[in-house]
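Q: only geometry, no sequence info:
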Ligand SMILES: Nc1ncnc2c1ncn2[C@@H]1O[C@H](COP(=O)(O)OP(=O)(O)OP(=O)(O)O)[C@@H](O)[C@H]1O
Ligand SMILES: [Mg+2]
């Protein structure tokens, strides 16, 4: 499965992506997490320090050539993954798309093309769950970065502008080959918050996959620069993310398995 996680800025995309990636890995799936945000920070949510992640080079744009069917990798995908991923806790492999290194250097279309090409070749790895943590802008749909994903998960908060952003991205996704679009209601402080999101989704034919409550522990985990799954493994937020993981991939149990001692611990 190739799951692109999108939504309005600050909705909780990175928190969900990192936590779900590790829960999928604990359930025995090979997991590749791609930081497709040009302001990358998925590594921090996965517990990898900036010093460590900077030792791994971004995939160079020379890896990709453009053909009639879109961007394609020039090298075997396993070589690309070996050179450009770092392993996080629970065995999750992280690849970062790239980021601007200098002012005025122009757009990052080529970095987006690398992700698109990678996703295409990941079709051959049917057991792998790929989590794509997108940037807030709907550009990943207009540029086609997420075109090769098979599920788009839109994280929405219980306020109108966040829901409108999810609606726009769902509309754009309907013009692509992405087969499944679902909405996750995040940061719900009350039943009323969830009901408001459910009503919006009902009115706009959006498939609401589940809800994640507001949790102060998510902010506390950020402040402690510790992944949520390590900081508050038994929290309602982690429980809710686990339930959504099993709704997305039915072979995933709906209670969090313990960390697998055979795979890498948090660095
Ligand atoms: N369920 C939650 N309860 C409380 N706070 C949350 C929850 N989910 C995320 N947050 C907080 O919301 C903020 C934004 O989260 P996160 O970075 O995951 O969002 P994002 O959508 O990836 O943001 P960006 O658009 O900048 O990439 C963080 O401070 C995070 O701790
Ligand atoms: Mg983010």
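A: On my side now, so go ahead. Since the structure is predicted, the reported quantities are computational estimates derived from the model, not experimental observations. Ligands and ions are numbered 1, 2, ... in the order given.
Q: for this structure, what spans make up the strands?
A: 2-7, 31-36, 64-67, 70-73, 85-87, 93-96, 129-134, 151-156, 180-188, 207-213 (DSSP state E).
Q: In CSV: those, plus mean neighbour count and mean pLDDT.
A: From N, CA and C alone the C-beta is placed, and that goes for glycine too. Below are the strands of the chain laid out as CSV (neighbours: other CB atoms under 10 Å; pLDDT from 0 to 100):
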stretch, mean neighbour count, mean pLDDT
strand 2-7, 27, 95
strand 31-36, 27, 96
strand 64-67, 14, 83
strand 70-73, 18, 83
strand 85-87, 17, 97
strand 93-96, 24, 97
strand 129-134, 27, 95
strand 151-156, 26, 96
strand 180-188, 23, 97
strand 207-213, 19, 97
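Q: can you put the ones you listed in a markdown table and add distance to ligand 2?
A: Listed next are those as a markdown table, based on distance: least, CB to the ion, whole Å:
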| stretch | distance to ligand 2 |
| --- | --- |
| strand 2-7 | 9 |
| strand 31-36 | 8 |
| strand 64-67 | 24 |
| strand 70-73 | 23 |
| strand 85-87 | 18 |
| strand 93-96 | 12 |
| strand 129-134 | 6 |
| strand 151-156 | 9 |
| strand 180-188 | 12 |
| strand 207-213 | 15 |
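Q: Figure out which of these is closest to residue 56.
A: strand 85-87 (4.7 Å; CB to CB).
Q: who are the neighbours of the closest one, in terms of helices and strands?
A: Helices and strands touching strand 85-87, by 3 or more CB pairs under 8 Å, 6 or more residues apart in numbering; DSSP states H and E, are strand 93-96.
Q: Establish whether the strand it packs on and ligand 1 are in contact.
A: No. Using CB under 6 Å from any ligand atom, strand 93-96 never reaches ligand 1; the gap is at least 13.4 Å.
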